[in-house]
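Asks: Sequence and predicted model, in that order:
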Amino acid sequence: LSFAASTFVDAKAAMMLTYFELYGKLPTPYESVLTKAYKHGRVTVARNMSAIIGDEIKAFGATAEAATKIDGFRKIVGEVSRICKEAATAQEFDRPFMMLRNIAGIEGMPMAICEDAGWARMSSVDLCTSHCGKGPIRFFGFEPPSATGFGVGYAVAPAGMQFSINNFSQAEADKYTAALEAHLLSLREVFSA
């Protein structure tokens, strides 16, 4: 798909908008991010959700005005970019909490925070995404992150975007794929007008 000035954050925003459009709820997202600033680097996590992103996603489908959609999309993209840049500093909480949970398990100690309903919601990822860096995608897929979630490997190039969309239900994967393509095409129309 051709999408002017497309970047991985444009793709991520479109994936979250599509999820909300299909399922009527904000996704719990998880994006892998490289920490290139470190000598040997590593992959860390960006939780691409904030009050701004949530508000703009909810408002996006309710408006018919192109200018409002463009402004909302740009706000989502700006927030996703900010969150990914923060994550690239390797100061996220996912890895430290994983280590603390492992140590607590080994020591037979409880971690009360992990019993909270908020923790359960955050841990049940709906949309696990990873930008592969360069296309074309060949064998860049991964298992869905939860029973109903989507694992999406993607590549963005000046000429278009490519996605590897996985869900435990082929019908759901096909439905999400068709909806994402339609959403990207409608975004192209909005930005081209």
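Replies: In hand now; what should we look at? Quantities reported herein were computed from a predicted structural model and do not represent experimental measurements. Numbers count the residues shown, from 1 in each chain.
Asks: immediately after the one helix or strand in the chain whose mean pLDDT sits lowest, which helix or strand?
Replies: Sorting the helices and strands of the chain by mean pLDDT, DSSP states H and E puts helix 117-123 at the bottom, at a mean of 72. Downstream of helix 117-123, the first helix or strand assigned by DSSP states H and E is strand 127-131.
Asks: So, low pLDDT: which residues of the protein?
Replies: 1-6, 8, 36-42, 94, 120, 122, 134-139 (pLDDT under 70).
Asks: all helices for it, in order.
Replies: Using DSSP state H, the helices found in the chain span residues 8-23, 51-60, 66-87, 94-107, 117-123, 170-192.
Asks: Output the ones you listed as CSV; include the columns distance to residue 33 and mean neighbour count.
Replies: For every residue, glycine as well, the C-beta is placed using N, CA and C. As requested, these are exported to CSV (distance: least, Cβ to Cβ, whole Å; neighbours: other Cβ atoms under 10 Å):
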stretch, distance to residue 33, mean neighbour count
helix 8-23, 10, 22
helix 51-60, 16, 17
helix 66-87, 4, 18
helix 94-107, 11, 12
helix 117-123, 17, 11
helix 170-192, 21, 15
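Asks: Reformat those helices into CSV and put distance to residue 43 next to each item.
Replies: As requested, the helices of the chain are exported to CSV (distance: least, Cβ to Cβ, whole Å):
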stretch, distance to residue 43
helix 8-23, 14
helix 51-60, 22
helix 66-87, 10
helix 94-107, 10
helix 117-123, 18
helix 170-192, 24
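Asks: Which one, of those helices, ends up nearest to residue 132?
Replies: Closest of the helices of the chain to residue 132 is helix 8-23, at 9.6 Å (criterion: Cβ to Cβ).
Asks: which outside residues touch that closest one?
Replies: Under the criterion Cβ atoms under 8 Å, 6 or more residues apart in numbering, residues 3, 26-27, 29, 31, 48, 53, 57-58, 60-61, 73, 76-77, 80-81, 84, 126-127, 129, 131, 150, 152, 154, 156, 161, 163, 175-176, 179-180, 183-184, 187 lie in contact with helix 8-23.
Asks: and the nearest residue to residue 31 once chain neighbours are set aside, how many neighbours?
Replies: Once flanking residues are discounted, residue 31 sits nearest to residue 46: 4.3 Å by Cβ to Cβ, 6 or more residues apart in numbering. As a burial measure, residue 46 scores 23 neighbours (other Cβ atoms under 10 Å).
Asks: go on, residue 65?
Replies: Around residue 65 sit 10 other residues, with neighbours defined as other Cβ under 10 Å.
Asks: ok, so what distance separates it from residue 14?
Replies: If you measure residue 65 against residue 14 using Cβ to Cβ, to the nearest Å, the figure is 19 Å.
Asks: and of the helices of the chain, who's closest to residue 141?
Replies: Among the helices of the chain, the nearest to residue 141 by Cβ to Cβ is helix 170-192 (10.5 Å).
Asks: now the closest one, how far from the centre of its chain.
Replies: Taking Cα atoms, centre = their mean, to the nearest Å, the mean C-alpha location of helix 170-192 is offset from the chain mean by 15 Å.
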